[in-house]
Each structure stands twice: as C-alpha cells, then as structure tokens.
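got a predicted structure here, sequence first:
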Amino acid sequence: MHDEVTKSQLLAVIETMNDKFQQVLECFSVHSKEIYELKTELKEDIALVDAKVMGLSKRMDAVEKHLSAEITEVRDELRAHRETVELHAVPKKRVLKKVA
C-alpha cells in the first residue's frame with residue numbers, strides 16, 4: 001500500500017468537505033430564518049400584551065377614582081350621621097376648677 005495521497009483522493013476528500021460545509025450553511029440559513037420569524041412573532045405578541053396592560057391600567061385607575069369618591073361619600077355620610085346621633089356626639093369637656 002501507498003502512504004502517499006493521490007491528487008484524485010485529495011480532490012474527493014475536498015469535495016466531500018465542501019458538501020458538508022454547504023449542508024451546514026443551509027442549516028444555518030434555515031435556522032436564521034426561523035429565528036427571525038419567531039422574533040417577529042414575539043414582538044407582535046409583546047405589543048399586544050403591552051396594549052392589554054395599558055388598557056387594564058386605565059381601567060384600574062378609573063376604578064380607583066370611583067372607589068375613592070365612594071369612600072369619601074360614605075365617610076361624609078357617616079360623619080354627618082354621627083353628628084346627628086346623640087350617642088356618638090363628642091361630649092364637651094368640662095373645665096375642672098383647682099381646689100386649693
């Protein structure tokens with residue numbers, strides 16, 4: 001057997017390596033396209049979630065404003081009721097005289 005590599009054997013090895021490199025490049029291309037599509041989908045999904053969060057935030061602000069108004073109204077009604085009910089009226093303090 002010969003230990004020398006012939007030109008045709010070397011070309012065959014190079015051609016095989018070239019085919020393998022082409023396959024790897026095709027895989028990279030496919031994966032790159034898939035990653036780009038996924039990135040686009042995720043951006044759209046994130047934009048939708050952001051819009052929903054903003055909508056919910058506005059609704060929460062409206063509910064908070066409404067509840068604050070309701071609480072103020074109930075507090076005022078309770079204060080007025082307590083002022084009219086003798087039992088809850090704040091008794092006036094008597095001034096105590098000093099005994100010498």
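Cool, got the structure.

give me the below-cutoff pLDDT ranges for this protein.
Counting by pLDDT under 70, the chain has low-confidence residues at 1-3, 86-92, 100.

let me see the ranges of the strands in it.
Applying DSSP state E to the chain gives no strands.

where along it do the helices fall?
For the chain, the helices defined by DSSP state H occupy 7-84.

what's in contact with stretch 57-76?
Around stretch 57-76, nothing counts as a contact under C-beta atoms under 8 Å, 6 or more residues apart in numbering. (Each C-beta comes from the backbone N, C-alpha and C, glycine too.)

could I get the CA-only coordinates of it as PDB?
Presented in PDB, the C-alpha positions along stretch 57-76 are these (Å, rounded to 0.1, in the frame of the first residue of the first chain):
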ATOM      1  CA  SER A  57     -54.100  50.100  33.900                       C
ATOM      2  CA  LYS A  58     -56.600  52.700  32.700                       C
ATOM      3  CA  ARG A  59     -59.500  50.600  33.900                       C
ATOM      4  CA  MET A  60     -57.800  50.200  37.300                       C
ATOM      5  CA  ASP A  61     -57.200  54.000  37.500                       C
ATOM      6  CA  ALA A  62     -60.900  54.600  36.800                       C
ATOM      7  CA  VAL A  63     -62.000  52.000  39.400                       C
ATOM      8  CA  GLU A  64     -59.600  53.500  42.000                       C
ATOM      9  CA  LYS A  65     -61.000  57.000  41.300                       C
ATOM     10  CA  HIS A  66     -64.600  55.700  41.600                       C
ATOM     11  CA  LEU A  67     -63.900  53.900  44.800                       C
ATOM     12  CA  SER A  68     -62.100  56.900  46.300                       C
ATOM     13  CA  ALA A  69     -65.200  59.000  45.600                       C
ATOM     14  CA  GLU A  70     -67.400  56.400  47.100                       C
ATOM     15  CA  ILE A  71     -65.300  56.100  50.200                       C
ATOM     16  CA  THR A  72     -65.300  59.900  50.600                       C
ATOM     17  CA  GLU A  73     -69.100  59.900  50.200                       C
ATOM     18  CA  VAL A  74     -69.600  57.200  52.800                       C
ATOM     19  CA  ARG A  75     -67.100  58.900  55.200                       C
ATOM     20  CA  ASP A  76     -69.000  62.200  54.900                       C
END
